[in-house]
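J.: Sequence and predicted structure are below.
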Amino acid sequence: MIKYETALFGPAGASDAFGSSGKKGTAEVIKWVASFGLDAYEYQAGNGLHASDASLSAVGGIAKELGVAMSLHTPYFISLSGVEPEKRLKSIDYIEQSIRAAVLLGADTIVIHSGSAAKISREEALSLAADTLRKTLEKLGQPPVRLGLETMGKKNQLGTLEEVIELCRIDPVFCPVVDFGHLNARECGGVFPDAAAYRRVFDMIGDALGAEYALYLHCHFSHIEYTSSGEKRHLTFDGDTGGFGPDFAPLAEVIARDGLCPRIICESAGTQDADALTMKKQYLSAK
């Protein structure tokens, strides 16, 4: 776990503005991110890992030079709670590939979706996910990066905060990745009305897993539209005319007031760099 004395902010992937700039490639994205004063970046491998080792190493070198903390989002097709054993075993291979890529990138954390509970009970899904994670460690030993388990936004997905904490109890290498937009969406809003509600998330994690897990929490934040089933789509800060939220200001208050040092990755729909910068400015104003 890389430790910092301040909160870090950055985007997940490249924004629409970067795409319109004429620049190309993740190395240029890292330079773009740093030029805005952002200090974190989450490499997106949701559709699989396709970059060469040389490319990943080059990106990692630039990130280190510019002081941009790296993480990696693993492929979406990882299925920790799949009922078919071969799919779960294949997921371990994808996790292994993601760890290798993360090392080349200089990333300290990979982010893994917690799994589905659509066709089975939540208890069975949790048991299968736990079994996959134990088998991952049996095969790989102790990984050189943190394996982050993400809270999810749809009600039929595994990934409440309580479920993620339970999975993280398996081994210290597992850490929660709290997506505040997901937690808000899966309950159809109203989850984070004030600073105290945000503080409870950090307290739950600290009480269950230890103070460092709360102090250096890896987070995702965006405004997310939801239906009765939970998450529908990611929005932008300026485009959230429906007031779906959640509001970042109370979270900025908590982390500034209590000296917390989370890494907050913005997943806005196309404006993730601008919205990450907005959050960083709110945080600095609250200090």
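T.: Alright, I've got the coordinates.

J.: on contacts alone, who are the packing partners of whichever helix in the chain runs longest?
T.: With DSSP state H setting the assignment, residue counts place helix 85-105 as the longest helix in the chain. On a contact count with 3 or more CB pairs under 8 Å, 6 or more residues apart in numbering; DSSP states H and E, helix 85-105 meets helix 53-66, strand 69-73, strand 109-113, helix 122-140. (C-beta placed from N, C-alpha, C; glycine too.)

J.: What ranges does this protein have for its strands?
T.: 8-11, 40-44, 69-73, 109-113, 146-150, 174-179, 218-221, 224-227, 230-234, 263-266 (DSSP state E).

J.: want to throw the ones you listed into CSV with mean pLDDT?
T.: Output for those, formatted as CSV (pLDDT from 0 to 100):
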stretch, mean pLDDT
strand 8-11, 98
strand 40-44, 98
strand 69-73, 98
strand 109-113, 98
strand 146-150, 98
strand 174-179, 98
strand 218-221, 98
strand 224-227, 98
strand 230-234, 98
strand 263-266, 98
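
J.: Output those strands as CSV; include the columns distance to residue 57 and mean neighbour count.
T.: Below are these laid out as CSV (distance: least, CB to CB, whole Å; neighbours: other CB atoms under 10 Å):
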stretch, distance to residue 57, mean neighbour count
strand 8-11, 20, 27
strand 40-44, 13, 25
strand 69-73, 12, 24
strand 109-113, 17, 25
strand 146-150, 20, 25
strand 174-179, 24, 25
strand 218-221, 23, 25
strand 224-227, 34, 20
strand 230-234, 30, 17
strand 263-266, 22, 27
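
J.: Save those as a markdown table, and put in distance to residue 241 too.
T.: Formatted as a markdown table, those follow (distance: least, CB to CB, whole Å):
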| stretch | distance to residue 241 |
| --- | --- |
| strand 8-11 | 22 |
| strand 40-44 | 27 |
| strand 69-73 | 28 |
| strand 109-113 | 29 |
| strand 146-150 | 27 |
| strand 174-179 | 22 |
| strand 218-221 | 19 |
| strand 224-227 | 10 |
| strand 230-234 | 13 |
| strand 263-266 | 19 |
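
J.: Quick one, which of the ones you listed gets closest to residue 199.
T.: strand 174-179 (12.5 Å; CB to CB).

J.: re earlier: check which residues of the longest helix of the chain are buried.
T.: 88, 91-92, 94-95, 98-105 (16 or more other CB atoms under 10 Å).

J.: got it, and stretch 193-206?
T.: Of the residues in stretch 193-206, 195, 197, 198, 199, 201, 202, 204, 205, 206 count as buried by neighbour count, 16+ other CB under 10 Å.

J.: For the residue nearest to residue 152 when sequence neighbours are not counted, which residues are in contact?
T.: In this structure, residue 152 finds its nearest non-sequential neighbour in residue 159, 3.0 Å apart by CB to CB, 6 or more residues apart in numbering. Contacts for residue 159 were tallied using CB atoms under 8 Å, 6 or more residues apart in numbering; they are 113, 114, 115, 149, 150, 151, 152, 153, 182, 186.
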